[in-house]
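>>> Everything below, folded, please.
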Amino acid sequence: MPLFAVQFTYAPDKSAQRDDHRTDHRAWLADLERRGTVHSYGPFADGSGALMVAEASNLDEARSFFDQDPFAKADLLEQVTIREWIPVFGAFSK
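From the prediction side, this is the model:
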């Protein structure tokens with residue numbers, strides 16, 4: 001199944017609201033990880049956003065997963081970029 005690199009850019013003026021939704025956001029991610037959809041996730045060190053590697057059958061399915069993110073539902077993301085990724089070497093290569 002294809003892998004997708006998903007990059008979130010946080011809305012900088014909504015930091016406090018992210019704190020209010022962080023527990024639900026992480027529970028949502030943990031559920032996707034348990035189901036094998038999200039393989040890795042983490043915020044950028046500068047606090048500007050986050051990156052994840054996710055599995056989906058196509059781009060539309062990947063978008064539908066991330067539309068359900070509590071951060072997205074609460075309009076806390078400035079931008080979400082989802083691109084199919086083809087790893088050649090390393091942990092995610094086949």
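
>>> residue ranges for the helices of the chain, please.
Assigned by DSSP state H, the helices in the chain fall at 15-34, 59-67, 70-73.

>>> What would the first one look like as CSV? C-alpha coordinates only.
Yep, that's helix 15-34 we're talking about. Taking C-alpha atoms only, helix 15-34 is exported to CSV below (Å, rounded to 0.1, in the frame of the first residue of the first chain):
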residue,chain,number,x,y,z
SER,A,15,-1.2,27.6,20.2
ALA,A,16,-3.4,27.7,23.3
GLN,A,17,-6.2,25.9,21.5
ARG,A,18,-3.9,23.1,20.4
ASP,A,19,-3.1,22.5,24.0
ASP,A,20,-6.9,22.1,24.6
HIS,A,21,-7.1,19.4,21.9
ARG,A,22,-3.7,17.7,22.2
THR,A,23,-5.0,14.7,24.2
ASP,A,24,-7.7,14.0,21.6
HIS,A,25,-5.2,14.6,18.8
ARG,A,26,-2.7,12.1,20.3
ALA,A,27,-5.4,9.5,21.0
TRP,A,28,-6.5,9.8,17.4
LEU,A,29,-2.9,9.3,16.2
ALA,A,30,-2.4,6.3,18.6
ASP,A,31,-5.5,4.7,17.2
LEU,A,32,-4.2,5.1,13.6
GLU,A,33,-0.8,3.7,14.7
ARG,A,34,-2.5,0.7,16.2
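
>>> angle of that helix against helix 59-67?
Put simply, helix 15-34 runs at 130 degrees to helix 59-67, going by axes from the mean of the first three to the mean of the last three Cα atoms, to 10 degrees.

>>> got the contact list for helix 15-34?
Identification of contacts with helix 15-34 by Cβ atoms under 8 Å, 6 or more residues apart in numbering yields 10, 38-39, 41, 47, 52, 54, 65, 68-71, 74, 76. (C-beta placed from N, C-alpha, C; glycine too.)

>>> Understood, closing this out.
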